[in-house]
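Visitor: below is the sequence, then the predicted model.
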Amino acid sequence: MTVEIELKLIATPAAVTALPQQLVAWPNQHATPQKLTNIYFETADNFLRSQDMGLRICGFDDSYEMTLKTAGKVLVSLHQRPEYNVSIATPVLALEQFPAGIWPLGCDLTALQQALQALRTDFMREKWVVTYGTSEIEVSLDQGEISAAELREALCEIELELKQGHTADLLALANALAEHDGLRQGNLSKAARGYHLAQGNIAHERRQLRVLKPAAKSSVEQGMIASVELALSHWQYHEELWLGGDVQARRSVLEAIALIRQALLIFGGLVPRKASADLRARLTTLDDSFKRFCDIMLGRSAAELKAAFNHTLNYDEYPEQLPPLTRHLSAFTLLSGVYPDEQTEPYLASWRELQLALDERRQSGYEASRKQALSHAPFWLNSAL
């Protein structure tokens with residue numbers, strides 16, 4: 001087993017043209033482009049995806065390899081997943097060759113293999129192994145198409161995979177390449193895009209920003225990481241929709257950016273400007289209870305909201321309160337999830353209604369929404385303030 005760490009970037013034709021010249025800035029070994037065929041497998045009810053698993057056969061020349069990726073962690077476009085690889089003579093599945101203990105409990109391999117259906121990606125892959133910092137990073141340029149039944153989708157992406165060294169070097173190389181226009185992060189794997197085609201290429205719908213739900217007994221550090229992950233995931237999902245022609249998704253992207261800013265404001269006082277390698281050792285505050293931290297920060301936001309809206313405002317004064325109200329609602333999105341939805345939703349819904357009234361300039365709804373928002377009692381532990 002290996003743990004694959006890679007970053008996916010969607011590339012424009014201009015970025016593809018510029019890539020070889022960019023890479024000559026660092027020591028590298030170039031490989032001649034190869035035609036690759038990846039065959040992905042899934043059942044009609046998406047059993048593998050429901051288990052956060054991915055199965056494929058990769059072929060080049062007369063060699064084939066069967067790969068199974070199991071549940072791991074994806075932070076926006078950075079993928080870290082256990083991976084199992086088995087060399088095979090022909091492009092025919094042989095699930096029994098994988099370690100028996102990696103399958104879900106009670107999984108019938110014979111039945112699973114019979115139920116699997118194939119999706120294809122055919123593309124040319126050009127590779128460079130780049131020495132960057134103290135690491136070796138494989139840069140792959142893939143150009144071709146993804147197909148499922150009669151549907152086709154163009155493929156043009158750059159993948160950076162850490163072969164040896166440190167994740168920080170991989171991210172730094174990605175930043176250096178991104179100085180040239182035409183690259184953006186892509187979170188969907190080739191397999192996921194193929195599955196979407198197989199299901200009819202139905203348009204993705206915009207998602208409502210959900211309240212952060214941290215794991216039980218999270219530390220402040222874990223809450224901080226989860227906050228940024230939530231905002232970045234919301235941003236990236238809706239960026240894909242926006243670039244695909246859904247102009248309304250732009251508002252969700254801006255919503256995610258506001259959430260990131262609020263996360264940096266909430267947690268910024270706990271992180272030094274120049275965080276060093278001994279960050280975990282020095283920031284003992286981040287090991288405290290995230291719930292206690294949420295209580296404190298919720299109290300502060302609520303106090304500022306009350307100070308701003310606890311008196312009648314003139315109609316021309318209301319719009320001035322929209323930016324701070326939006327910031328505080330972002331804070332509640334990140335901090336309220338430690339409490340049950342039935343406790344938080346009435347409180348949050350009332351402030352969101354006031355935000356919507358201000359955003360849409362519905363003056364007739366200002367006063368009623370203000371009073372309704374102020375009528376809700378705090379749901380957090382005031383004793384922690």
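Guide: Cool, the structure landed.

Visitor: domain assignment for the chain?
Guide: Following automatic domain parsing, the chain resolves into domains at 2-198, 209-272+280-385.

Visitor: and the last one, average pLDDT?
Guide: Mean pLDDT, taken over the full extent of domain 209-272+280-385, equals 88.

Visitor: would CSV of the domains of the chain with mean neighbour count be doable?
Guide: Bear in mind the C-beta positions are built from the backbone N, C-alpha and C, glycine included. As requested, the domains of the chain are arranged in CSV below (neighbours: other Cβ atoms under 10 Å):
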stretch, mean neighbour count
domain 2-198, 16
domain 209-272+280-385, 16
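
Visitor: so where is the stretch 1-150 of the chain shaky, pLDDT-wise?
Guide: Within the stretch 1-150 of the chain, the stretches with pLDDT under 70 are 1-2, 72-80.

Visitor: now the helices for it?
Guide: Taking DSSP state H, counting those that start in this stretch, the helices of the stretch 1-150 of the chain run over residues 13-23, 47-50, 109-115.

Visitor: what ranges do the strands span in this structure?
Guide: 2-11, 28-42, 54-60, 63-69, 73-75, 78-88, 117-132, 135-148, 151-164, 183-185 (DSSP state E).

Visitor: show me what contacts the nearest residue to residue 186 once chain neighbours are set aside?
Guide: Nearest non-adjacent residue to residue 186, counting by Cβ to Cβ, 6 or more residues apart in numbering: residue 10, 4.2 Å away. For residue 10, the contact set (Cβ atoms under 8 Å, 6 or more residues apart in numbering) comprises 156, 157, 183, 184, 185, 186.

Visitor: now, the most widely separated pair of the residues you listed?
Guide: With Cβ to Cβ as the measure, no two of those lie farther apart than 156 and 185, at 14.2 Å.

Visitor: just to revisit the earlier point, can I get the strands of the chain in JSON lines with distance to residue 251?
Guide: As requested, the strands of the chain are arranged in JSON lines below (distance: least, Cβ to Cβ, whole Å):
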{"stretch": "strand 2-11", "distance to residue 251": "22"}
{"stretch": "strand 28-42", "distance to residue 251": "33"}
{"stretch": "strand 54-60", "distance to residue 251": "32"}
{"stretch": "strand 63-69", "distance to residue 251": "34"}
{"stretch": "strand 73-75", "distance to residue 251": "24"}
{"stretch": "strand 78-88", "distance to residue 251": "26"}
{"stretch": "strand 117-132", "distance to residue 251": "33"}
{"stretch": "strand 135-148", "distance to residue 251": "29"}
{"stretch": "strand 151-164", "distance to residue 251": "26"}
{"stretch": "strand 183-185", "distance to residue 251": "19"}
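
Visitor: quick check: bridge partners of the residue nearest to residue 155 when sequence neighbours are not counted?
Guide: Across the structure, with Cβ to Cβ, 6+ apart as the measure, the residue nearest residue 155 apart from its sequence neighbours is residue 144 (4.9 Å). With DSSP bridges applied, residue 144 shows beta-bridge pairing to residue 123, residue 155.

Visitor: and residue 62, how close does it get to residue 142?
Guide: Using Cβ to Cβ, to the nearest Å, one obtains 21 Å as the distance from residue 62 to residue 142.

Visitor: which residues does the nearest residue to residue 97 once chain neighbours are set aside bridge with?
Guide: Once its chain neighbours are removed from consideration, residue 97 has its nearest residue in residue 86; the separation is 4.7 Å (Cβ to Cβ, 6+ apart). Residue 86 forms beta bridges with residue 66, as assigned by DSSP bridges.

Visitor: residue 86 and residue 64: what is the separation?
Guide: Distance of residue 86 to residue 64, computed by Cβ to Cβ: 10 Å.

Visitor: format the helices of the stretch 1-150 of the chain as a markdown table; extra columns: distance to residue 206.
Guide: Formatted as a markdown table, the entries for the helices of the stretch 1-150 of the chain read as follows, by distance: least, Cβ to Cβ, whole Å:
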| stretch | distance to residue 206 |
| --- | --- |
| helix 13-23 | 27 |
| helix 47-50 | 22 |
| helix 109-115 | 33 |
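
Visitor: closest to residue 215 out of these?
Guide: In terms of Cβ to Cβ, the element of those nearest to residue 215 is helix 47-50, at 20.8 Å.

Visitor: distance of residue 149 from residue 119?
Guide: Residue 149 is 9 Å from residue 119, where distance means Cβ to Cβ.

Visitor: so what sits against both of those two?
Guide: By Cβ under 8 Å, 6+ apart, residue 149 and residue 119 have these common neighbours: 197, 198.

Visitor: by contact count, what packs against the biggest helix by length in the chain?
Guide: For the chain, the helix reaching the highest residue count under DSSP state H is reported as helix 220-243. With contacts taken as 3 or more Cβ pairs under 8 Å, 6 or more residues apart in numbering; DSSP states H and E, helix 220-243 sits against helix 249-267, helix 290-309, helix 322-335.

Visitor: contacts for the second one next, please.
Guide: It refers to helix 290-309. For helix 290-309, the external contacting residues (Cβ under 8 Å, 6+ apart) are 214, 217-220, 222-223, 266, 321, 324-325, 328, 331-332, 335-336, 338, 351, 354, 370, 373-374, 378, 380-382, 384-385.

Visitor: cool, the shortest one as well?
Guide: Contacts made with helix 322-335 from outside it, assessed by Cβ under 8 Å, 6+ apart, are listed as 209-212, 223, 227, 230, 258-259, 261-263, 265-266, 294, 297-298, 301, 304-305, 308, 344, 347-348, 351-352, 354-355, 358-359.

Visitor: how about a cut-off of 6 Å?
Guide: By Cβ atoms under 6 Å, 6 or more residues apart in numbering, the surrounding residues in contact with helix 322-335 are 211-212, 227, 258-259, 262-263, 266, 294, 297-298, 301, 305, 348, 351, 355, 358.

Visitor: cool, the first one as well?
Guide: Identification of contacts with helix 249-267 by Cβ under 6 Å, 6+ apart yields 206, 209, 224, 227-228, 231, 234-235, 238-239, 241-242, 297, 327, 330-331, 334.

Visitor: from residue 17, how far out is residue 62?
Guide: Distance, residue 62 to residue 17, using Cβ to Cβ: 32 Å.
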